[in-house]
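Asks: Coordinates only, no sequence provided:
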């Protein structure tokens, strides 16, 4: 698996992000949907990675810098064909290592509260994230779970 910074211009990554945004919109009311579209992911405070096996896209994830010591995990997504193969774990481990290199003291994320998000919540918990109060501009929301990890 090769993990690399992605410029979000390739057809495969565009399709995966569109699938991600659509799936999130189907599971949450509009005011509770925090997935970023392509334009949202192309902001200067966001670094976006994709994971590949040769020419096949396996998954993606991003870090949004909230401040000099705090990053937020965004847009974690594994391609349907590669679910439960360790793609998300490898991507998340890569992003945690990158956050440490940047000198962050904390990495946080927002995920869904529905049962369909349980595999993601298990992954985050297994890698040291704990539930927390809303951070940044988030507010308490029954469709959201907030998690953080001290680095």
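Replies: Thanks, I have it. It should be emphasised that the depicted structure is a prediction, and the values quoted were computed from it without experimental measurement.
Asks: Would you mind listing the outside residues contacting stretch 12-27?
Replies: 6, 8, 33-38, 41, 50, 57, 59-60, 75, 77, 79, 112, 114, 116, 143 (CB atoms under 8 Å, 6 or more residues apart in numbering). No exception for glycine: its C-beta is placed from N, CA and C like everyone else's.
Asks: Pull out the buried positions in it.
Replies: 12-13, 16-17, 20-21, 24, 27 (16 or more other CB atoms under 10 Å).
Asks: Longest strand in this structure, please.
Replies: Secondary structure of the chain per DSSP state E: the longest strand is strand 56-67.
Asks: Buried residues in it, which are they?
Replies: 57-66.
Asks: show me the contacts for residue 127.
Replies: 89, 92-93, 96, 149.
Asks: do the same with residue 74
Replies: 36, 41, 46, 61-64, 109.
Asks: how about a cut-off of 6 Å?
Replies: 36, 62, 64 (CB atoms under 6 Å, 6 or more residues apart in numbering).
Asks: What's opposite the last one in the beta bridge?
Replies: Going back to what we said before, that points to residue 64. residue 46, residue 72 (DSSP bridges).
Asks: Keep only those of the contacts of stretch 12-27 that are in helices.
Replies: 38, 41 (DSSP state H).
Asks: Show the buried residues in the contacts of stretch 12-27.
Replies: Looks like those have 6, 8, 34-36, 41, 50, 57, 59-60, 75, 77, 79, 112, 143 buried, using 16+ other CB under 10 Å.
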